[in-house]
Structure formats: structure tokens, C-alpha cells
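> any chance you can model this:
(4 chains)
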There are 2 protein chains.
Amino acid sequence: MRNNQELLSLLVDMAKATRCCQQDSSYGEDITFTQFYIINLIAEQGTLRLTDLHALLSVEKSTSTRLIDPIVQRGYVKKEKSACDCRAIDLTLTEKGHETNIEHWKCLNDFFNQLLAEIPEDKQEEVFSCVVLFLKAVKKVFNHPGCS
Amino acid sequence: MRNNQELLSLLVDMAKATRCCQQDSSYGEDITFTQFYIINLIAEQGTLRLTDLHALLSVEKSTSTRLIDPIVQRGYVKKEKSACDCRAIDLTLTEKGHETNIEHWKCLNDFFNQLLAEIPEDKQEEVFSCVVLFLKAVKKVFNHPGCS
DNA sequence: CCTCCATAGTTGTATGATACAACTATATTG
DNA sequence: CAATATAGTTGTATCATACAACTATGGAGG
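Below is the predicted model of the structure:
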């Protein structure tokens, strides 16, 4: 069994890895990791309601407003009032947004290939399911009333 | 094999988990996760050179200066010029800092117990070693010249 | 048809983490 | 001693983020 110092280090390392992802520019110099992820989400779904973005990113609604702002300004994403509900905002990709998505996926694929290369092939499946399990556990505990 | 959409989701989930850790107040209302970690590090080592902190946190030196600032202000940590090198700063815990460390470890232990409870006992060892492996892989790729 | 409440988004304001560059002060080495 | 390297601080800027107050719109019940 692990002791709790090791677990704390694990959380800190996770924070570091996250920081690396968010600061790296594999997904482009012009947009951040989160912004790329948003573009990717819109690309997947065609149209994305801003409300749904709050949920997908697990952030406060004002945060999603502000996250999309730069990519709207820079012409990656189009923001339109929904036809069926005037309060709502529908997000779609511009041509530039589509190109960017494809372009950055190339870089991301390279990144993932390198990542996989660091993990023995016969362990990859195990590693990923374990990481998923771990992240789910963390998430679940934070939803519990717990110590906080 | 996983497809890369799943891998991307994994990274995003990792970022969410990190955010949870950093916003949660299990380790106290008065200090942040990183600040608690710093206090814990000083407690472990007795005295910590500020330079060493840059490395332990993997941050720029100006960042560590600013991270310790609030906990120095609030009287958890004492900042003193090193006797042997006048340029250097030695960090030590105050009495309050020690108490805080012990207090917050109680909360953190609870948190880890809850976390472990979410993972079947016979899988815990596997899960943690896989997460470690994964984080190491991420770290290693970012050190490579790679796509960025 | 109103009224009341709920929902979608925006804006003001504040905080934390972070980097880079320029700077000061001190140590070390040739 | 001079030149260079190291430790830390400060100015400045950016991103992510939350909460609260606000506007505008939609829906449900009388």
C-alpha cells in the first residue's frame, strides 16, 4: 500500500502534467489547450449550445463566455442567437476554425504517438483504464460532502 | 487501442481533477493546495532553500517567490537569509505553520481514505503504479523537442 | 393576457498561478 | 580584482476561474 505522502506527490505530479499540457503549444501558438478543446467539441457536434459548454467543461457560465471570447474574436468560432430560443447562443466553426481543428489534430496525434511510445504496448490498455478509474475516483470524492 | 479522442478526453478530465484539487478546501480555507504542499515540503525537510522550491514545484523562480509570499505574510512560514550564502533564502515553519500542517494532514488523510474507498482494494496498487507511469510518460514527451 | 419564476448569457470585480525580462546583491573562479 | 554565475525580487502581462448583480427571454398558472 501507498502512503499518503506518495499520494500527495501523485496529485502534485498530476497538476504539473496538466500545467505542461496547458502551456505547451502543440495545439498552436494562437490558441490555448482549452480553446482547442472547445473548437474540437464544436467540430464534433456541428453546433454547440453555450449552455452545454458549461457542462462539458465543468465551469461556471461566465467562464465559458470568457473562454470562447478570444476564439470568436480571432474568427475561429461563430456565435449566433439560437433560432428557437432567443436567449441561447449557438456556436459553430468558421472555415478558419475547421482548418485549425484539422491542423492541430495533426500535432496532437503526433503528441499522442509519442506518449504511447513511452508506454509498453502490452500495458497501454491497462494504463489508460487505470487512469480513467483514478480520475473517476477523484471526481466522485469531490462530489461527496467529505472533509471540505 | 484507444482512439485519440478518448486520449484528449482523458487529458481534459485530468485537468478537471487538478482544478478540483486546487479549488477544494479540504486542506483549509486560508491556504491553497500549492501553499499547503509547500508547507508540507518545509515540514518534511526542516529547512528548505527557496532555490530548491523552484525545482520541487517545477516553476519559474519568480513564481516561487510569489507562492510563498502569502504564507509568509500570514505567519505560516519564516523567511531568513541563509547564514552560509547571503543571497539565498531559507524557509522554515513557524509554530502556526507546524500546527497547520498537522491539521491539514488530517483532512488530507480523510480525503485519501475516501479516494481509496472508490478503488477496489485489490486494484489500488495497480491503479497507482499505472497513474505514475502515465504521468511520467506525459512528462517525458514534453521534454522532447516533439511537435511543439 | 398578465405575473412570476426559471433560464441563458454578459459584465464587473477579484483572485490565483504563471511566465518573462530587467534588476540588485552576492558568490566564485581565474 | 574582474568577469561571470547564482539567488531572489519586482514590473508587467496573461489565462483560468468564480461569484454576484444584471438584462433579456421563455414558460406556466391563473
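
> make it CA atoms for all contacts and neighbour counts henceforth
OK.

> wait, A:S64 touches A:L50, no?
Yes - if you go by C-alpha atoms under 8 Å, A:S64 and A:L50 touch, sitting 7.5 Å apart.

> get me the contact residues on chain A for DNA strand D.
Proximity of chain A to DNA strand D (C-alpha under 7 Å from any atom of the strand) is limited to residues A:22, A:32-35, A:58-63, A:66-67, A:84-87.

> now, those that are in helices?
A:22, A:33-35, A:61-63, A:66-67 (DSSP state H).

> buried subset of those residues as a ChimeraX selection?
Buried members of these, defined by 16 or more other C-alpha atoms under 10 Å in any protein chain shown, are picked up in ChimeraX with:
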select /A:22,33,34,35,61
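
> closest to A:W105 out of the ones in helices among the residues of chain A next to DNA strand D?
Nearest to A:W105 among these: A:F33, at 11.8 Å, using C-alpha to C-alpha.

> tell me where chain A has strands.
A:48-49, A:77-81, A:89-93 (DSSP state E).

> per the record, what domains does chain A have?
As recorded under automatic domain parsing, the domains making up chain A are A:4-117, A:120-148.

> alongside DNA strand C, which residues does chain A contribute?
Counting by C-alpha under 7 Å from any atom of the strand, the positions of chain A adjacent to DNA strand C are A:16, A:19, A:49-52, A:61-62, A:65-66, A:87-90.

> and which of those residues is nearest to B:V12?
A:R19 (11.5 Å).

> could you pull out the helices in chain A for me?
Assigned by DSSP H, chain A shows helices spanning A:4-23, A:33-45, A:50-57, A:61-73, A:95-117, A:121-143.

> could you dump the ones you listed into JSON lines with mean pLDDT added?
Below are the helices of chain A laid out as JSON lines (pLDDT from 0 to 100):
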{"stretch": "helix A:4-23", "mean pLDDT": "93"}
{"stretch": "helix A:33-45", "mean pLDDT": "96"}
{"stretch": "helix A:50-57", "mean pLDDT": "95"}
{"stretch": "helix A:61-73", "mean pLDDT": "96"}
{"stretch": "helix A:95-117", "mean pLDDT": "93"}
{"stretch": "helix A:121-143", "mean pLDDT": "92"}
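
> and for A:D30, the neighbour number?
Residues near A:D30, counting by other C-alpha atoms under 10 Å in any protein chain shown, number 12.

> quick one: contacts for the residue lying closest to A:K81 once chain neighbours are set aside?
Excluding its sequence neighbours, the residue lying closest to A:K81 (C-alpha to C-alpha, 6 or more residues apart in numbering or on different chains) is A:I89, at 4.6 Å. Going by C-alpha atoms under 8 Å, 6 or more residues apart in numbering or on different chains, A:I89 touches A:49-51, A:79-82.

> same check on A:E80?
A:89-91.

> at 6 Å what do you get?
Neighbouring residues of A:E80 by C-alpha atoms under 6 Å, 6 or more residues apart in numbering or on different chains: A:89-90.

> okay, it and A:L50: tell me how far apart.
10 Å (C-alpha to C-alpha, to the nearest Å).

> ignoring the adjacent residues along the chain, who's closest to A:I71?
Counting by C-alpha to C-alpha, 6+ apart, A:V77 is the residue found nearest to A:I71 once chain neighbours are left out, at 5.9 Å.
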